[in-house]
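Trainee: below: sequence and its predicted model.
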Amino acid sequence: ELKVEQNPLFLSMQEGKNYTIYCNYSTTSDRLYWYRQDPGKSLESLFVLLSNGAVKQEGRLMASLDTKARLSTLHITAAVHDLSATYFCAGTGSGGSNYKLTFGKGTLLTVNP
Amino acid sequence: GAVVSQHPSRVICKSGTSVKIECRSLDFQATTMFWYRQFPKQSLMLMATSNEGSKATYEQGVEKDKFLINHASLTLSTLTVTSAHPEDSSFYICSARGGVSGGAKDTQYFGPGTRLTVL
């Protein structure tokens, strides 16, 4: 059974600073996803990572995947207040045809002016 | 991009009543839909996986007689919370995954969620 651990769970940072959120998973995962959730809202898809060494970037966010280490990272560059949200990583496990997701506990990011 | 809608967005009901939540994929055919529940300040917990035309597969600990799931077509799945109680109050989110070629195939698209409050 896939287990997904994120850290940190809470992250308070200043605008302009860089930081990384880590996502460790316990068994092989065919896909690794990152989502953003604003308070009271549903999930917004950020990235899907499919293979070892995959790196994707969108604006100030960059996600990477190391399947050998079973680790994905979400790097935040020069944070701005608008990035304040909860970020989830999720894996699909291996095999199967449904790709059901197992989520980490989420990282609550607060970017302070 | 692919769009998933949910209805209603909010519902308040009395204890003992049943509530139906609809999840629709608006611009793609979803062979698989998923239902999640999220309590305040917690992560999403998968409740069940629903494939069109077949019975839903429930996760361990989820009562199938209480949470009835129907996936009648490739664009619609419904979740009915039967005899709701205050402890069922939560944020219910569906997602849909496309089974045909195209961008929807490898990604789950999430609906906007339904906030259920049982008095």
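Mentor: Nice, I can see it. Numbers count the residues shown, from 1 in each chain, chains lettered A, B, ... in the order given.
Trainee: alpha carbons only for contacts and neighbour counts from here, please
Mentor: Noted.
Trainee: so which bits of stretch A:99-113 are buried?
Mentor: A:99-111 (16 or more other Cα atoms under 10 Å in any protein chain shown).
Trainee: avg pLDDT for the helix or strand B:Leu116 falls within?
Mentor: Using DSSP states H and E, B:Leu116 sits within strand B:114-118. Mean pLDDT, strand B:114-118: 97.
Trainee: before we move on, back to that, closest to chain B out of the buried residues of stretch A:99-113?
Mentor: Within those, the smallest distance to chain B is 5.0 Å, found for A:Lys105 (Cα to the nearest Cα).
Trainee: just the element for the closest one, please.
Mentor: Using DSSP H and E, no helix or strand contains A:Lys105.
Trainee: the nearest residue to it once chain neighbours are set aside and A:Asn18: what is the separation?
Mentor: In this structure, A:Lys105 finds its nearest non-sequential neighbour in B:Ser43, 5.0 Å apart by Cα to Cα, 6 or more residues apart in numbering or on different chains. From B:Ser43 across to A:Asn18, the span is 25 Å (Cα to Cα, to the nearest Å).
Trainee: looking at the buried residues of stretch A:99-113, which are in strands?
Mentor: Members of the buried residues of stretch A:99-113 lying in strands (criterion: DSSP state E): A:Thr102, A:Phe103, A:Thr107, A:Leu108, A:Leu109, A:Thr110, A:Val111.
Trainee: correct me, but A:Lys56 touches A:Trp34?
Mentor: No - in this structure, A:Lys56 is not within contact of A:Trp34 by Cα atoms under 8 Å, at 10.7 Å.
Trainee: and the two? Which one has more around it.
Mentor: Set side by side, A:Lys56 and A:Trp34 show more neighbours around A:Trp34, with 24 against 15, by other Cα atoms under 10 Å in any protein chain shown.
Trainee: so that one is in which element?
Mentor: strand A:32-37.
Trainee: just checking, what packs against that strand?
Mentor: Contact here means 3 or more Cα pairs under 8 Å, 6 or more residues apart in numbering or on different chains; DSSP states H and E; on that basis strand A:32-37 packs against strand A:43-49, strand A:85-91.
Trainee: just checking, what packs against the first one?
Mentor: Using 3+ Cα pairs under 8 Å, 6+ apart as the contact definition, the elements that strand A:43-49 packs against are strand A:32-37, strand A:55-58, strand A:61-66, strand B:108-110.
Trainee: any part of stretch B:72-80 near chain A?
Mentor: No - residues of stretch B:72-80 are not located near chain A by Cα under 8 Å from any Cα of the partner chain, the shortest gap being 14.6 Å.
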